[in-house]
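K.L.:
just coords:
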């Protein structure tokens, strides 16, 4: 394993465009570098690895579902990151915490043992929804606390904002380096710390040991695996469907349109193949072809608890056959 691996923490609230940014960076990765990507999600099913699935060479992706990564001392994070580093031996590491997490605290803890000498933390990149800020939507406290630590503010979803709207956004933010963008399109050359290279091999550093948890399997291919989680930040429900199950995507859209979710992420097998989408606050889904083929997944985050049985019944009605 290399030492002092350049490590880029990419924070920001739900739906700001963190995953879009990482997808764009992966598409423009220097050919000579091997990258590892660690993603955390609030829900338990785990969808970001599916949304980031790529046929690009020399990219390893791992996920830690089930909450916020702000407590780096927790065993799932320590073991998950150590396992990813040992397996991929990357030249560069990207970490995407949940939009409900605390990036400033995560940045602080990653600078402590056992990561000292293993990781070389680069300036925090904070992705913000410029259109939401221009409309007067408040930035969550956990993200506002990270503003001063940011090496770059990526003001995403800036298309269509005039000078007056941009001025309203800037009035809410401290004086930090910033970039207006759309669809998370940031050139690798503009990534803070992108020119930093890893150090020489350091043998086998003293990192936590542990195997990967076994994923639940389907006893009945017609019945999904469902996982529900309630935390102070919100309530989530997610499903994994056997790869034999297919969906009517239009029916899925109609079902979702009637629900008060805060965040929706999905990778489903439809009539025309595998499609992925994600949306915020009941917004429309933008479908795109997906390279994920293992199973169909869907996860929703709500502000308050819902009836799992009623939600599952509605989703099952969206299946084909």
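P.N.:
Received it, and whenever you're ready, just let me know what you need. What you are looking at is a predicted structure, and each value in this text was computed from that prediction instead of being measured.
K.L.:
For residue 22, the count of nearby residues, please.
P.N.:
24 (other Cβ atoms under 10 Å). Every residue, glycine included, has its C-beta placed from N, CA and C.
K.L.:
That one: what's it in contact with?
P.N.:
10, 37, 39, 52, 94, 96, 184 (Cβ atoms under 8 Å, 6 or more residues apart in numbering).
K.L.:
redo that, cut-off 10 Å
P.N.:
8, 10, 35, 37, 39, 48, 51-52, 61, 94-96, 127, 184 (Cβ atoms under 10 Å, 6 or more residues apart in numbering).
K.L.:
looking at this protein, which helix or strand does the model trust least?
P.N.:
helix 48-51 (a mean of 68; mean pLDDT, DSSP states H and E).
K.L.:
Quick one: name whatever helix or strand follows that helix.
P.N.:
strand 59-65 (DSSP states H and E).
K.L.:
From residue 170, how far out is the closest residue to residue 275 other than its chain neighbours?
P.N.:
If the residues on either side of it in the chain are set aside, residue 275 comes closest to residue 287, at 4.7 Å by Cβ to Cβ, 6 or more residues apart in numbering. With distances taken as Cβ to Cβ, to the nearest Å, residue 287 is found 34 Å from residue 170.
K.L.:
quick one: average confidence on stretch 182-200?
P.N.:
On average, the pLDDT along stretch 182-200 is 94.
K.L.:
List the buried residues for that stretch?
P.N.:
Of all the residues in stretch 182-200, those buried under the rule 16 or more other Cβ atoms under 10 Å are 182, 184-186, 188, 191, 193-194, 196, 198.
K.L.:
circling back to that earlier point, of all the contacts of residue 22, which comes closest to residue 298?
P.N.:
Of all the contacts of residue 22, the one with the least separation from residue 298 (Cβ to Cβ) is residue 51, at 11.8 Å.
K.L.:
My read is that the closest one contacts residue 292, right?
P.N.:
Yes - using Cβ atoms under 10 Å, residue 51 is in contact with residue 292, at 7.8 Å.
K.L.:
what is in contact with these two at once?
P.N.:
Overlap of the contact sets of residue 51 and residue 292 (by Cβ under 10 Å, 6+ apart) consists of 267, 276.
K.L.:
Where is the longest helix in this protein?
P.N.:
Counting residues, the longest helix found in the chain (DSSP state H) is helix 75-88.
K.L.:
For that helix, enumerate the helices and strands it packs against.
P.N.:
If contacts are counted by 3 or more Cβ pairs under 10 Å, 6 or more residues apart in numbering; DSSP states H and E, helix 75-88 sits against strand 35-41, strand 59-65, strand 92-96, helix 103-110.
K.L.:
which stretches of the chain form helices?
P.N.:
Under DSSP H, the chain gives helices at 18-27, 48-51, 75-88, 103-110, 130-134, 141-144, 163-171, 249-257, 308-316.
K.L.:
Return the member of these having the minimum mean pLDDT.
P.N.:
helix 48-51 (a mean of 68).
K.L.:
just for the stretch 151-300 of the chain, where's the confidence low?
P.N.:
Scanning the stretch 151-300 of the chain with the threshold set as pLDDT under 70 gives 211-215.
K.L.:
where exactly do the strands run in it?
P.N.:
178-180, 225-231, 234-241, 263-270, 273-280, 288-289, 296-302 (DSSP state E, counting those that start in this stretch).
K.L.:
And the shortest one, how far out from the chain middle?
P.N.:
Computed by Cα atoms, centre = their mean, to the nearest Å, the chain-centroid distance of strand 288-289 equals 17 Å.
K.L.:
name the helices or strands packed onto that strand?
P.N.:
Using 3+ Cβ pairs under 10 Å, 6+ apart: strand 288-289 touches strand 273-280.
K.L.:
Give me the buried positions along the strand it packs on.
P.N.:
Buried-residue list, strand 273-280, by 16+ other Cβ under 10 Å: 274-280.
K.L.:
Name the member of the contacts of residue 22 with the shortest distance to residue 176.
P.N.:
residue 127 (13.0 Å).
K.L.:
neighbours around the closest residue to that closest one other than its chain neighbours, how many?
P.N.:
Nearest residue to residue 127 in three dimensions, chain neighbours excluded: residue 12, at 3.5 Å (Cβ to Cβ, 6+ apart). Residue 12 has 28 neighbours, counted by other Cβ under 10 Å.
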